[in-house]
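In: missing the sequence, but the structure's below:
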């Protein structure tokens, strides 16, 4: 009789201490985490290149944007600014700080207020659903202004208290601002999380309005990346728990013999 003893391991069992789950599952888990990191970081990196954050200090754009709200403004070319856009600009003759207002007229337009309680551009009354419900009672009249080429006429959505183009009508530029002064077009309020600004549909009768930028796509990339990272990271613990459950299930019949 040999002095050596032999042992047998249960079929399908594992004596190793490596990660749980099949090799294919582990590889797919790693791929999911890696892809998730690419999407997650890529979405943030893309947003950092295309957008710039600003904090709005006043209520001049209420109710669209409140005091203290954090917004994201897309970096755009001066020629891409259109009627209805909410923009961030810096005009030395106004205040040497970034200012947020809405473009209501561009070069060549004639703008006035307020016939029938509405803004009029190029002879057409503009519907502005983003204004407060009682805004018509508080709109201030101003004479007809023809906007020079390459310049913009801007108003705050809180018309009664906004220091905007109407407060600078006696300036040399007649209250208008150069397109080149624009630093970005506001697309969303991110804190509080009010989301994308509504489209200024009332200006469509005068021509095309700006379309949303890539922000929704960036958000989708970040969310997809987060799901992949969490799903891939969860594979190991779930596989380990599943293996332990199977081991207990196999051990119970063995005790009965």
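Out: Yep, that arrived. Treat the numbers as computed from the prediction; the structure is a model and nothing was measured.

In: Show me the beta-bridge partners of residue 106.
Out: Here residue 106 sits in beta bridges with residue 152, going by DSSP bridges.

In: Distance from the helix or strand that contains residue 102 to the middle of the chain?
Out: Following DSSP states H and E, the helix or strand that holds residue 102 is strand 95-106. Distance, stretch centre to chain centre, for strand 95-106: 20 Å (CA atoms, centre = their mean, to the nearest Å).

In: now stretch 36-47
Out: For stretch 36-47, the distance to the chain centre is 14 Å (CA atoms, centre = their mean).

In: same deal with stretch 173-188?
Out: How far stretch 173-188 lies from its chain's middle: 20 Å, per CA atoms, centre = their mean.

In: which residues in the stretch 1-150 of the chain form strands?
Out: 51-55, 70-74, 86-91, 95-106, 110-115, 118-121, 124-126, 142-146 (DSSP state E, counting those that start in this stretch).

In: what's the angle from the lengthiest helix in the chain to strand 70-74?
Out: The longest helix of the chain (DSSP state H) is helix 215-255. Helix 215-255 and strand 70-74 are oriented at 110 degrees to each other (axes from the mean of the first three to the mean of the last three CA atoms, to 10 degrees).

In: Would you mind pulling up the elements that helix 215-255 packs against?
Out: Applying 3 or more CB pairs under 8 Å, 6 or more residues apart in numbering; DSSP states H and E, one finds that helix 215-255 contacts helix 23-50. Yep, even glycine has a C-beta here, placed from its N, CA and C like the rest.

In: if we can go back for a sec, do me a favour and average the pLDDT over the strand holding residue 102.
Out: Across strand 95-106, the average pLDDT comes to 94.

In: Pull out the buried positions in it.
Out: By 16 or more other CB atoms under 10 Å, the buried positions in strand 95-106 come out as 98, 99, 100, 101, 102, 103, 104, 105, 106.

In: now, among those residues, which is nearest to residue 187?
Out: Nearest to residue 187 among the buried residues of strand 95-106, counting by CB to CB, is residue 100 at 12.2 Å.

In: The strands of the stretch 1-150 of the chain: lowest mean pLDDT?
Out: Lowest mean pLDDT within these: strand 110-115, at a mean of 89.

In: in its sheet, what does that strand sit against?
Out: Looking at strand 110-115 with DSSP bridges, its partner strands are strand 118-121 (antiparallel), strand 142-146 (antiparallel).

In: contact partners of the shortest one?
Out: Going back to what we said before, that points to strand 118-121. For strand 118-121, contacts defined as CB atoms under 8 Å, 6 or more residues apart in numbering pick out 83, 104-105, 109-114, 125-128, 136, 139, 155, 203, 206.

In: can you do 6 Å?
Out: 105, 109, 111, 112, 113, 125, 126 (CB atoms under 6 Å, 6 or more residues apart in numbering).

In: Measure how far it is from the centre of its chain, please.
Out: For strand 118-121, the distance to the chain centre is 29 Å (CA atoms, centre = their mean).
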